[in-house]
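Asker: After the sequence you'll find the predicted model.
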Amino acid sequence: MSLITITEVRKSFGQNEVLKGINLDVAAGEVIAIIGKSGSGKSTLLRCINGLETINDGSITVAGAQLAPDEVHLRALRLKVGMIFQGFNLFPHLTAGRNVMLSPMVVKKVSQKEAEAEARVRLEQVGLAHKFDAYPDELSGGQQQRVAIARALAMKPLALLCDEITSALDPELVNEVLAVVKKLAEEGMTLLMVTHEMRFAREVCDRVVFMHQGRVHEIGPPEEVFANPQTAELRQFLGQS
Amino acid sequence: MTQFSTWDIVSNLLLAARWTVLLSILAFIGGGAVGLVVLYCRIARKPWLQRAANLYIELFQGTPLLMQLFLIFFGLPLMGLDVSPWAAAFVSLTLWTSAFLAEIWRGCVESIPKGQWEASSSLAMSFFEQLRYVVLPQALRIAVPPTVGFSVQVVKGTALTSIIGFVELSKAATIITNATFEPFTVYGFAALIYFVLCWPLSKSSQLLERKLNVAHHHH
C-alpha cells in the first residue's frame, strides 16, 4: 500500500506541457531523490503534490487525501504532506520558535503552551534548541533551513517534499542540512527530494527518479541508476558520455 | 462698521479647524475600515470580487472628489434620502479614502515575496489565516509611511466640503472674508493652519520610512 500515489499527471503552463503523464507510487518510509536537468519538470511535480500548482489531468493522492483545487481538499492534503523550499521562506517577523509554533496554533488550534513545547522538541531535533528566540535574519542560511524543517515537522506530516533545499546554501552549510535530512530518513520519514546532491542521493535514497522532458525517464535503486544508466540521456546527465 | 482684530480672525478660524480635524479623523478611520474590506476583495481568489473591487477603486480614483461630493449631496435627496452636509462630507470622504488606501495597501501586500504565501500554504493555512498571521503583519510595516503620507491628502480633501456648505476651516475662512474684506490675511491664516496640520504628518511619514528601512524588522 503506497503512501503517495501519482497517476498519469499532466501539467501545462500555457502551451508548454511540463509534465507529460507522470506515474509514481511512493511507499511509507521510502526516500526518493528526483534528479534531472532544469526544466525537466521535477520541481513542478513536487509542487503539484501539495497543491502549489494545479494539475490539468491525472490524480494525486496522499494517504487517502485527494488533490483537488478547493480549499477544504487542499487543507486535508497539506496536513499530510509538508514542504521545504530552496529559499527557506521563514516568516521574517517571527522568531524561530514562533515560526515553528504558528501553524499548529492557527491550523490545529493547539494551545500556546503545547505548541511551544512541541517547537522546542522540533528545534532540538534539528540542533537549534538554543535559537528559539532568534529572528530569521540573525541565522545563517543553514540554520534557517533547519528551522524550516522543524516548522514542517511540527505539523506532523506523513511525508516531506524537499525542493532543492541545499541549492541556495554556501557549500560549507550544505552538510548540516543534509545531516538533518539523513537523520529523518533513518527515523522512517517518507521523503521526496529534488536534489543536485548526487552523493547524498546515492547514500541515503531508496530509489532515484530521473526526469527528462516531463517524463519519468528512468527509475530504480541508486546503485542501478548511477552505476548502470540505461539511457543516453541519463548517461549524459551523469556526465558519463 | 465693526472692526475685527487679528485675534478675532485667528480664533474663529481655529474654532472651525476643529471640524476639519474631526472630519479628517473620521474619514480616515472610516476609509481605513472600508479600505480593508476593499483590499480583501481585491486580493481574494474570487475573480468577480476582484473585478468589483477594481471597479470601485477605479471609479473613486478616476473622478474628482468634488463630483463625488456633489453626487452624494445632491443625488441622495433625489432618491428620497435627505443628507446633511456633515453626512455627505463624511460619506464621500470615507469612500474616496477607502479607494486610495485599498490601492496603497494592495501594493504593500503584493510586495511580500511569493515564498511567504507558498510556505504558509504548505503549512495548511487558509487564505484568511495566511493574510492574518503571515502577510498582513509584514505588509503593515511597509504600509505605515505611505498611509500616514496619504492622511495629508485627506486633511486637504476636507477643504472641498466647504462647497456643499459644511463649515470647516475653508468655509469659515470664506465667511470671515465676507465680513472683514481682508481675504489675503484670512486665507493666509487658513493656509497656515492647514500647514500646521499637514506638515507633521508628512514629516512623520518620511521619518517612519527611514526608520522602518534602517531598523531591524522586529525592533
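Answerer: Alright, I've got the coordinates. Numbers count the residues shown, from 1 in each chain, chains lettered A, B, ... in the order given.

Asker: Return the residues of chain A in contact with chain B.
Answerer: Contact residues (CB under 8 Å from any CB of the partner chain) of chain A with chain B: A:50-52, A:71, A:74-75, A:78-79, A:82-83, A:85, A:87-93, A:102-103, A:106-107, A:135, A:137, A:148, A:151-152, A:155. C-beta coordinates here come from the backbone N, C-alpha and C atoms, glycine included.

Asker: Helices of chain B, start to end?
Answerer: B:6-43, B:47-61, B:65-78, B:85-110, B:114-122, B:127-129, B:136-157, B:169-180, B:183-214 (DSSP state H).

Asker: wait, which of these is closest to A:Ser2?
Answerer: The closest approach between A:Ser2 and any of the helices of chain B, judged by CB to CB, belongs to helix B:114-122 at 21.2 Å.

Asker: by contact count, what packs against that closest one?
Answerer: In terms of contacts (3 or more CB pairs under 8 Å, 6 or more residues apart in numbering or on different chains; DSSP states H and E), helix B:114-122 is packed against helix A:71-78, strand A:81-84.

Asker: most packed of the ones you listed?
Answerer: Among the helices and strands packed on helix B:114-122, strand A:81-84 has the highest mean neighbour count (mean count of other CB atoms under 10 Å in any protein chain shown), at a mean of 26.

Asker: Can you name the element that comes right after that one?
Answerer: Counting by DSSP states H and E, the next helix or strand C-terminal to strand A:81-84 is helix A:96-107.

Asker: List of residues touching that next one?
Answerer: A:75, A:79, A:90-91, A:94, A:110-112, A:114-116, A:118-120, A:122-123, A:128, A:131-136, A:139, A:147-148, A:150-151, A:154-155, B:120, B:123-125, B:129, B:133-134 (CB atoms under 8 Å, 6 or more residues apart in numbering or on different chains).

Asker: Would you mind listing what in chain B touches chain A?
Answerer: By the rule CB under 8 Å from any CB, the part of chain B lying against chain A is B:113, B:115-116, B:118-127, B:129, B:133-134, B:137-138, B:141, B:216-218.

Asker: and the residues you listed, which are buried?
Answerer: The neighbour-count test (16 or more other CB atoms under 10 Å in any protein chain shown) marks B:116, B:118-127, B:129, B:133-134, B:138, B:141 as buried among the residues of chain B next to chain A.

Asker: and of the residues you listed, the nearest to A:Lys37?
Answerer: Nearest to A:Lys37 among those, with distances taken as CB to CB, is B:Glu118, at 23.1 Å.

Asker: mind checking which helix or strand the closest residue to the closest one other than its chain neighbours is in?
Answerer: Of all residues not flanking B:Glu118 in the chain, A:Leu52 sits nearest, at 5.7 Å (CB to CB, 6 or more residues apart in numbering or on different chains). A:Leu52 belongs to no helix or strand when assigned by DSSP H and E.

Asker: dump the residue contacts of residue 149.
Answerer: You didn't say which chain, so I picked chain A. For A:Ile149, the contact set (CB under 8 Å, 6+ apart) comprises A:Ile84, A:Val126, A:Leu160, A:Val177, A:Val180, A:Val181, A:Leu184.

Asker: Actually, chain B is the one I wanted.
Answerer: Listed by CB under 8 Å, 6+ apart, the contact set of B:Gly149 reads B:Leu201, B:Ser202, B:Ser205.

Asker: And B:Phe127, by the same measure?
Answerer: By CB under 8 Å, 6+ apart, the residues touching B:Phe127 are A:Glu71, B:Ala44, B:Arg45.

Asker: With pLDDT and distance to B:Ala173 added, can I get those residues in JSON lines?
Answerer: What follows is these, written out as JSON lines (pLDDT from 0 to 100; distance: CB to CB, whole Å):
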{"residue": "A:Glu71", "pLDDT": "88", "distance to B:Ala173": "55"}
{"residue": "B:Ala44", "pLDDT": "89", "distance to B:Ala173": "44"}
{"residue": "B:Arg45", "pLDDT": "85", "distance to B:Ala173": "49"}
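
Asker: out of those, who's nearest B:Thr177?
Answerer: When the contacts of B:Phe127 are compared for distance to B:Thr177 (CB to CB), B:Ala44 wins out at 49.3 Å.

Asker: Which strands or helices does the one helix or strand A:Val216 maps to pack on?
Answerer: A:Val216 belongs to strand A:215-220 when assigned by DSSP H and E. Applying 3+ CB pairs under 8 Å, 6+ apart, one finds that strand A:215-220 contacts strand A:16-27, strand A:207-212, helix A:232-237.

Asker: deepest of these, which one?
Answerer: Of the helices and strands packed on strand A:215-220, strand A:207-212 is the most buried (mean count of other CB under 10 Å), at a mean of 23.

Asker: quick one: that strand to chain centroid distance?
Answerer: Taking CA atoms, centre = their mean, to the nearest Å, one finds strand A:207-212 lying 15 Å from the centre of the chain it belongs to.

Asker: That strand - which strands sit beside it in the sheet, and in what orientation?
Answerer: Under the criterion DSSP bridges, strand A:207-212 sits next to strand A:31-35 (parallel), strand A:215-220 (antiparallel) in its sheet.

Asker: can you dump the C-alpha coordinates of the helix or strand following the first one into PDB?
Answerer: Toward the C-terminus, strand A:31-35 is succeeded by helix A:42-49 as the next helix or strand (DSSP H and E). Output of helix A:42-49 as PDB, limited to C-alpha atoms (Å, rounded to 0.1, in the frame of the first residue of the first chain):
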ATOM      1  CA  LYS A  42      11.000  17.800 -11.300                       C
ATOM      2  CA  SER A  43      10.200  20.900  -9.200                       C
ATOM      3  CA  THR A  44       6.800  21.200 -10.800                       C
ATOM      4  CA  LEU A  45       6.000  17.600  -9.900                       C
ATOM      5  CA  LEU A  46       6.900  18.200  -6.300                       C
ATOM      6  CA  ARG A  47       4.800  21.400  -6.200                       C
ATOM      7  CA  CYS A  48       1.800  19.600  -7.600                       C
ATOM      8  CA  ILE A  49       1.900  17.000  -4.800                       C
END
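
Asker: Give the buried residues for the next helix or strand after helix A:42-49.
Answerer: With elements assigned by DSSP H and E, the helix or strand that comes after helix A:42-49 is strand A:57-62. Neighbour counts over strand A:57-62 (16+ other CB under 10 Å) mark A:Gly58, A:Ile60, A:Thr61, A:Val62 as buried.

Asker: sorry, back to before: can you redo the helices of chain B as TSV with mean pLDDT and distance to A:Arg10?
Answerer: TSV is the format used below for the helices of chain B (pLDDT from 0 to 100; distance: least, CB to CB, whole Å):
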stretch	mean pLDDT	distance to A:Arg10
helix B:6-43	94	29
helix B:47-61	95	24
helix B:65-78	92	50
helix B:85-110	95	30
helix B:114-122	97	22
helix B:127-129	93	26
helix B:136-157	93	35
helix B:169-180	92	64
helix B:183-214	91	45
